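A.B. asks: Below are the sequence and a predicted model; questions follow.
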Amino acid sequence: MKTKLTLVMEDEVIYNAKIYAKKKEESLSSLVENYLKAVAETSKLGNPKKSNSKKTTSLIEKHRGIIKIPEDYDYKKEIGLYLVKKYNKLK
């Protein structure tokens with residue numbers, strides 16, 4: 001069952017959200033619903049939803065598999081290298 005919900009927020013937020021929804025080819029209602037589902041699920045007992053859950057939001061499902069990362073990719077190493085470059089500049 002679907003129920004209508006009225007939200008009140010700043011005009012700029014609504015404007016930007018509509019642009020974002022249009023780029024993602026989704027309705028603003030769908031984006032808000034998926035966001036609220038995700039928030040509600042992660043707040044249940046403090047446990048986030050498991051990645052293998054069948055109830056993955058459509059937004060996440062739509063983008064799954066877009067990026068291919070090598071098996072031996074070490075994200076911690078990459079973060080470390082990035083931080084060294086960013087903060088190890090001599091003045």
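C.D. replies: Looks like it arrived, so ask away. Numbers count the residues shown, from 1 in each chain.

A.B. asks: From E26, how far out is the one residue sitting closest to the centre of the chain?
C.D. replies: The chain has I60 as the residue nearest its centroid, 7.3 Å off, counting by C-alpha atoms, centre = their mean. The spacing between I60 and E26, counted by C-beta to C-beta, to the nearest Å, is 12 Å. Every C-beta, even on glycine, is put in place using the N, C-alpha and C of the backbone.

A.B. asks: what's the answer for E78, then?
C.D. replies: For E78, the distance to E26 - C-beta to C-beta - is 31 Å.

A.B. asks: Compare the two (neighbour count), which wins?
C.D. replies: E26 (16 against 10; other C-beta atoms under 10 Å).

A.B. asks: helix or strand for the more buried one, which one?
C.D. replies: In this structure, E26 sits in neither a helix nor a strand according to DSSP states H and E.

A.B. asks: and what of S43?
C.D. replies: helix 28-43.

A.B. asks: For that helix, buried residues please.
C.D. replies: For helix 28-43, burial by neighbour count (16 or more other C-beta atoms under 10 Å) applies to 31, 33-34, 37-38.

A.B. asks: Tell me the first helix or strand C-terminal of the lowest-mean-pLDDT helix or strand in the chain.
C.D. replies: Least confident helix or strand, the chain: helix 58-63 with a mean of 72, by mean pLDDT, DSSP states H and E. Next helix or strand after helix 58-63 toward the C-terminus (DSSP H and E): helix 75-87.
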